[in-house]
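In: Take this sequence and fold it.
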Amino acid sequence: MNVHSSVPTDAGSRHPVAIAGLNHWFGEGEARKQVIFDVNMRIEGGSLTILMGPSGSGKTTLLTLAGCLRDVQEGSVKMFGQELYGASERELVANRRRMGFIFQAHNLHESLTATQNVMMGLEVHGRDDRGRYLEASHHLLGLMGLGDRFDYLPSNLSGGQKQRVAVARALVGNPDIVFADEPTAALDKDSGGRVIRMLKRLGAERGTTTVMVTHDNRILELADRVVTLEDGRVVDDSAH
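Out: Numbering: from 1, shown residues only. I've put the predicted structure just below:
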């Protein structure tokens, strides 16, 4: 991974995520239920923001709305200054190319090696440079402590090792923003700390922004900001 010091300078770089008056519902008709209520939030570029709250509080829904994984139904979500509400598929794809995603379930392809899974994180960029892809993938796996697992299939990796492969896949494309859903849940203290320190370093050196859902109290002290949700509403927003 080529970690460099160039920070994006477009109109949305100071606040790569800007949310205003956001509401969201699940279901249809009488089963329709509101799950996000009038959320307003701007995320500072280069920061590590943690979303916390009990199960069902709306954390992951908010994360997926900000990350172009759900359609915005009401309100405004801007990504790098681009409005997502009503955005075309072409505009959404352009934004997704600037993102990395780390999911609670590692979502690895069982038939691909660790290296091949990580290389998939570069395919969204639409380039075909296998040598550079391979080098970047091996570099990230090495940083994740998996330098001896390049050719292992997921079935031969532990749960924590699979999650570290997923983290490497999210970071290999040098994203401007990382969305992470419980990225340290399957990791021990040392491995989890390694992931968070890498995200913090990318924020300091490159301006990479991280928005993370977690219940892991071990990493709260590393956050620049902790936002707490309950029943779809922001109930606390503390800068650290």
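In: Please make it C-alpha for all contacts and neighbour counts, starting now.
Out: Noted.
In: for this protein, which spans come out with low pLDDT?
Out: 1-13, 124-130, 239-240 (pLDDT under 70).
In: So which residue is smack in the middle of it?
Out: residue 179 (1.4 Å; C-alpha atoms, centre = their mean).
In: and that one, that one's in a helix?
Out: No - counting by DSSP: H, G, I helix; E, B strand; the rest coil, residue 179 is not part of a helix but strand.
In: which residues of the protein fall in strands?
Out: When secondary structure is read from DSSP state E, the chain shows strands at 17-26, 33-43, 48-52, 74-79, 82-83, 99-102, 177-181, 209-213, 225-230, 233-239.
In: In CSV: those strands, plus distance to residue 159.
Out: Listed next are these as CSV, based on distance: least, C-alpha to C-alpha, whole Å:
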stretch, distance to residue 159
strand 17-26, 31
strand 33-43, 31
strand 48-52, 23
strand 74-79, 32
strand 82-83, 37
strand 99-102, 14
strand 177-181, 16
strand 209-213, 19
strand 225-230, 27
strand 233-239, 32
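In: quick one, which of those is nearest to residue 169?
Out: Shortest distance between residue 169 and the strands of the chain, using C-alpha to C-alpha, is found for strand 99-102: 8.0 Å.
In: For residue 50, give its distance to residue 223.
Out: Per C-alpha to C-alpha, to the nearest Å, residue 50 is found 7 Å from residue 223.
In: and these two? which has more neighbours close in?
Out: Taking other C-alpha atoms under 10 Å, residue 50 and residue 223 do not tie; residue 50 has more neighbours (25 against 19).
In: quick one, what contacts the more buried one?
Out: 211-214, 220, 223, 225-227 (C-alpha atoms under 8 Å, 6 or more residues apart in numbering).
In: Identify the bridge partners of it.
Out: On the basis of DSSP bridges, residue 50 is bridged to residue 212, residue 226.
In: Which one of the strands of the chain lies nearest to residue 115?
Out: That would be strand 99-102 among the strands of the chain, by C-alpha to C-alpha, at 16.4 Å.
In: how far is stretch 229-240 from where the chain is centred?
Out: Chain-centre distance of stretch 229-240: 19 Å, with C-alpha atoms, centre = their mean, to the nearest Å.
In: Could you identify the longest helix within this structure?
Out: Longest helix in the chain, counting residues (DSSP state H): helix 189-206.
In: In CSV, please show the C-alpha coordinates belonging to that one.
Out: Provided in CSV are the C-alpha atoms of helix 189-206 (Å, rounded to 0.1, in the frame of the first residue of the first chain):
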residue,chain,number,x,y,z
LYS,A,189,-6.6,-7.2,21.7
ASP,A,190,-3.3,-7.1,19.8
SER,A,191,-4.8,-7.6,16.3
GLY,A,192,-7.6,-5.2,17.0
GLY,A,193,-5.2,-2.6,18.2
ARG,A,194,-3.1,-3.1,15.1
VAL,A,195,-6.1,-2.4,12.8
ILE,A,196,-7.1,0.7,14.7
ARG,A,197,-3.6,2.1,14.8
MET,A,198,-3.3,1.6,11.1
LEU,A,199,-6.6,3.5,10.5
LYS,A,200,-5.4,6.3,12.8
ARG,A,201,-2.1,6.5,10.9
LEU,A,202,-3.9,6.7,7.6
GLY,A,203,-5.9,9.6,9.0
ALA,A,204,-2.8,11.4,10.1
GLU,A,205,-0.6,10.8,7.1
ARG,A,206,-3.1,10.7,4.3
